[in-house]
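1. Just a sequence and a predicted model for now, questions to come.
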Amino acid sequence: MVTYKCFKCGKKVNEKELEKRFVCPECGGRIFYKIRNKTRKLKTD
């Protein structure tokens, strides 16, 4: 399941909620971005 975050209010919205209307249920914003996993840089010898 893909989770998006509203650019305007920061609310996390899942893919299922956005199927009907691509609008934030909290603030009505229409700009979303996909939450990405944090990456760690490893130091090699």
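-> Structure's in. What do you need?
2. chain center to stretch 19-29, what's the gap?
-> Distance of stretch 19-29 from the chain centroid (Cα atoms, centre = their mean, to the nearest Å) equals 12 Å.
3. average pLDDT across it?
-> What stretch 19-29 shows for mean pLDDT is 87.
4. from now on call the first residue 22
-> In the new numbering, first residue 22, that becomes stretch 40-50.
5. buried set for it?
-> When burial is assessed from 16 or more other Cβ atoms under 10 Å, stretch 40-50 yields the following buried residues: 45, 50. Every C-beta, even on glycine, is put in place using the N, C-alpha and C of the backbone.
6. what does stretch 22-30 give?
-> Across stretch 22-30, burial judged by 16+ other Cβ under 10 Å covers 25, 27.
7. Can you get me the start-to-end distance on stretch 58-66?
-> Stretch 58-66 has an end-to-end distance of 25 Å (criterion: Cα to Cα, to the nearest Å).
8. Off-centre distance for it?
-> 23 Å.
9. Could you pull up the mean pLDDT of it?
-> 80.
10. Alright, calling it a day.
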